[in-house]
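here are the coordinates; sequence isn't available:
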Ligand SMILES: Cc1ncc(C[n+]2csc(CCOP(=O)(O)OP(=O)(O)O)c2C)c(N)n1
Ligand SMILES: [Mg+2]
C-alpha cells in the first residue's frame, strides 16, 4: 500500500525528499518555524529541570522522559484543529506542553502539589487537559488505544470533522487491544490516527527482540486494510507532511491511519532504570545525540533558511530555561493536597453527586 522500509531515507540527518515544499509546510511563517523550535526547547528544558527535582528526591513515582523525541509531539500536535483530540501513554510531558498546558501546572503535578493539572494526585503519567482536547497520560501499555478509538467514534457519531491522534510505543503494538482497536477502526470507518513513536526500545527490550517483523511496525495495518506510512522523525517537515495526510484522510474520508515515526530516547525507560549500562551501549546514545538530535537538526535547518542565528537561538533557549525555572519555583511554593480530599477526583459520579454516585452504583443502571 504505502511505502516499504527499504524506500525510507537513511538516517543521515538530511532527508533526500524536501518536505518543506509540502502544502502544509510551504506557507509556514518565520514565526511559526521559530515557534516549533521554541516548543521543542521548552520540552527539553522542562524535562531537564524535572530530572533535577527527581534526583533531589522531591518527586514520588515514575518519571518517563521524552528527551530525544521532541519533534514527534511538536510535528504532529501543532496540526490539531478545533475538533481534533489527542491521547497518549505515560511518556506524556511533551504532548502536554505542545497542546498548551502550562509548565506550572505540569511541574506542580510532578511534585504532587494541589496546583498540578490533576491536583497532585496523578503525577508524571497523568497529565490531562480536557479543555485542550488532551486526554492523558495512561500507564497501562496500549490502554489508550481503544480510548482513542472511542474518542474518534464519538466525533463521527456527533458528525464533527475531527480525529483522535492516538500515540503508542513500539512495544505497545504487540498488545492485543491495539489489534482489536485497529480492526474496529477499519470496520467502522473511525477517524483515528495511530502514531507509533518507535524509539527502538520497550523498557530494556530492543525492537529486534520484541517484534516478529523487525523492519516495520506500521505494516501490520495491512492486515486490517488500514493506510499506513513510515516517517523520519528527525525531519520536522516530514513529520508534519505525513501527519497532515493522515489527518485529512480522517477528516475527509473518515478513515484511520497508522503512522510509524522513527525516533530515539536518550534517557532510560524511566529515570530509575539501567539505561546505558544493561541493554544498550553509551556509544549508541552518544551517536544519536551527535548525529540525530531533532532540535539541533531543526536549528541547522532554520540557519540554512536564513531565519535563525546564534543570538536568536540563545534568546529562544534562555526563554525556555527561564520558564522551566519559574515552573520549578511555582511547584515548590505550592501546597500539597489536603488529606481530606483524598477521596475526591476519583469517580465523576461521586464528585458530581449523581444518583448512581449516591447509591454506590457507579457503573450499572440496575
Ligand atoms: C499492560 C502492561 N504491561 C506491562 C507494563 C509495564 N511496562 C510499562 S512501559 C513498558 C514498555 C512499553 O514500551 P513502548 O511501548 O515502546 O513505549 P516507550 O516506553 O518506549 O515510550 C512496559 C512493558 C504496563 N505498564 N502495562
Ligand atoms: Mg519504545
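Thanks, I have it. From a predicted model like this one, the values you see are computed outputs, not experimental measurements. Ligands and ions are numbered 1, 2, ... in the order given.

how many other residues sit next to the one residue in the stretch 201-350 of the chain that gets nearest to ligand 1?
Nearest residue of the stretch 201-350 of the chain to ligand 1: residue 202, at 3.4 Å (CB to the nearest ligand atom). Just so you know, the C-beta spots here come from the backbone N, C-alpha and C atoms, and that holds for glycine as well. For residue 202, the neighbour count with other CB atoms under 10 Å is 19.

in terms of contact, does it touch residue 173 like I think?
No. At 9.3 Å, residue 202 does not count as touching residue 173 under the criterion of CB atoms under 8 Å.

show me the contacts for the residue of the stretch 201-350 of the chain closest to ligand 1.
169, 170, 171, 172, 210 (CB atoms under 8 Å, 6 or more residues apart in numbering).

cool, and residue 325?
Residue 325 makes contact with residue 49 under the criterion CB under 8 Å, 6+ apart.

what does the stretch 101-250 of the chain put close to ligand 2?
For the stretch 101-250 of the chain, the residues in contact with ligand 2 (CB under 5 Å from the ion) are 169, 170, 199, 202.

burial measure for the second one, as a count.
The local packing of residue 170 (other CB under 10 Å) involves 22 other residues.

Where does the stretch 151-300 of the chain get nearest to ligand 1, which residue?
Residue nearest to ligand 1 within the stretch 151-300 of the chain (CB to the nearest ligand atom): residue 169, separated by 2.1 Å.

What's opposite that residue in the beta bridge?
Beta-bridge partners recorded for residue 169 (DSSP bridges): residue 197.

Please renumber the chain so that the first residue is 558 from this point on.
From this message on, residue numbering opens at 558, which makes the last subject residue 726.

residue contacts, it?
Residue 726 makes contacts with 646, 648, 698, 753, 754, 755, 756, 759, as judged by CB under 8 Å, 6+ apart.

The longest helix along the chain close to ligand 1?
Longest helix in the chain, counting residues (DSSP state H): helix 587-612. No. Figure legend: helix 587-612 not in contact with ligand 1 (CB under 6 Å from any ligand atom); closest approach 13.7 Å.

elements contacting the helix or strand that that helix is followed by?
On the C-terminal side of helix 587-612, the nearest following helix or strand under DSSP states H and E is helix 627-634. Counting contacts by 3 or more CB pairs under 8 Å, 6 or more residues apart in numbering; DSSP states H and E, helix 627-634 packs against helix 587-612, helix 650-656, strand 721-726, strand 749-755, helix 793-805, helix 851-861.

Is any residue of helix 627-634 near ligand 2?
No. Judged by CB under 5 Å from the ion, helix 627-634 stays clear of ligand 2, getting no closer than 11.6 Å.

I would like the residues contacting that helix, please.
Residues outside helix 627-634 that contact it (CB under 8 Å, 6+ apart) are 593, 596-597, 600-601, 623, 643, 651-652, 654-656, 722, 724, 752, 754, 790-793, 796-797, 800, 818, 820, 851-852, 855.

isn't residue 705 right up against residue 720?
No. Applying CB under 8 Å, one finds residue 705 not in contact with residue 720, separated by 9.5 Å.

If you count surrounding residues, which of the two has more?
residue 720 (32 against 29).

what sits against the more buried one?
Each residue near residue 720 by CB under 8 Å, 6+ apart is listed here: 641, 642, 709, 712, 748, 749, 750, 803, 804, 807, 808.

Phi, psi for it please.
Backbone torsions for residue 720, taken as degrees, to the nearest 10, come to phi -150, psi 170.

re the thing from before, can you redo the residues of the stretch 658-807 of the chain next to ligand 2 as TSV with distance to residue 665?
Listed next are those as TSV, based on distance: CB to CB, whole Å:
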residue	distance to residue 665
726	26
727	31
756	27
759	30
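
how about the residues you listed, which pair is most distant?
Largest separation among these by CB to CB: 756 and 759, giving 8.9 Å.

Touching both of these two, which residues are there?
Common neighbours of residue 756 and residue 759, using CB under 8 Å, 6+ apart, are 726, 727.

and the residue of the stretch 708-857 of the chain nearest ligand 2?
Nearest residue of the stretch 708-857 of the chain to ligand 2, counting by CB to the ion: residue 726, 3.8 Å away.

what residues does the stretch 708-857 of the chain put near ligand 1?
726, 727, 728, 729, 756, 758, 759, 760, 826.

for the stretch 808-923 of the chain, which spans come out with low pLDDT?
For the stretch 808-923 of the chain, the stretches flagged by pLDDT under 70 are 832-833, 917-923.

How confident was the prediction at the spatially most central residue of the chain?
Closest residue to the average C-alpha location of the chain: residue 652 at 4.3 Å, with CA atoms, centre = their mean. With respect to pLDDT, residue 652 scores 98.

Tell me how far it lies from ligand 1.
Counting by CB to the nearest ligand atom, to the nearest Å, the gap from residue 652 to ligand 1 is 12 Å.
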